[in-house]
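In: Build me a model:
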Amino acid sequence: MTKRICDIIIAIITVSILIFPCVFVWIAVKLTSPGPAIYWSRRASRKGKFFMMPKFRTMSLETPEVATDKLQNPKKYLTSIGSFLRKTSLDELPQFLSVLIGNMSIVGPRPALYNQHELIAKRKELGIDTLRPGITGWAQINGR
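Out: Here you go, the predicted model:
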């Protein structure tokens, strides 16, 4: 319960501070590529449930819905500002809304894509699926 309260407080502060940069990113995404500025991705949550996770869109609309490392040539799908958004993690900012809603935590295992069946099964086997997925976690801190 304490972790959830801390998540909410941090998310409110972060959203309050970053609302204007988010507006600029939104506009930049809209101006540099067709389609919505926010990409909603179906992700694994806790105990076999799924949720829709928002991110600023960094890839073109025709990108296959698989983990980036599974794409033959991921760079060909990046939008003109997609690489910058990913390097600076600005694409992750909408996830603070998921923290406020309760679908995510600030720190926790990154939510797997709905079709990463092996990863989801392994997390269930290890009991990791009982944790709320996070915006950042061990893998991000240790260089993915």
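In: so what secondary structure elements neighbour the helix or strand Ile5 falls within?
Out: Using DSSP states H and E, Ile5 falls within helix 2-32. Contact analysis of helix 2-32 by 3 or more Cβ pairs under 8 Å, 6 or more residues apart in numbering; DSSP states H and E lists strand 50-56, helix 95-101, strand 105-107 as its packing neighbours. C-beta coordinates here come from the backbone N, C-alpha and C atoms, glycine included.
In: closest one to Leu119 among those?
Out: When those are compared by Cβ to Cβ, strand 50-56 sits nearest Leu119, at 13.5 Å.
In: Next SSE downstream of that closest one?
Out: Remark: after strand 50-56, the chain's next helix or strand is helix 82-87, criterion DSSP H and E.
In: Buried residues of that next one, list them for me.
Out: 82, 85-86 (16 or more other Cβ atoms under 10 Å).
In: Would you enumerate the residues in contact with the closest residue to Lys3 other than its chain neighbours?
Out: Leaving aside its sequence neighbours, Lys3 sits nearest to Ser105 (Cβ to Cβ, 6 or more residues apart in numbering; 6.7 Å). Neighbouring residues of Ser105 by Cβ atoms under 8 Å, 6 or more residues apart in numbering: 3-4, 7, 99, 131-135.
In: Okay, now the unreliable bits of the chain?
Out: Applying pLDDT under 70 to the chain flags residues 139-141, 143-144.
In: hmm, try it at 80
Out: With pLDDT under 80 as the threshold, the chain has low-confidence stretches at 1, 69, 138-144.
In: Can you say which of the contacts of Ser105 are buried?
Out: Counted by 16+ other Cβ under 10 Å, these give 7, 99, 132-135 as buried.
In: Which one of those is nearest to Met53?
Out: Using Cβ to Cβ, Pro133 is the member of the buried ones among the contacts of Ser105 that lies nearest Met53, at 8.1 Å.
In: Residues contacting the host helix or strand of Glu118, please?
Out: Glu118 is part of helix 117-126 when elements are defined by DSSP H and E. Helix 117-126 has contacts (Cβ under 8 Å, 6+ apart) with 44, 48, 109, 112, 128-129.
In: what's the distance between that helix and the middle of its chain?
Out: Counting by Cα atoms, centre = their mean, to the nearest Å, helix 117-126 is centred 19 Å from the centre of its parent chain.
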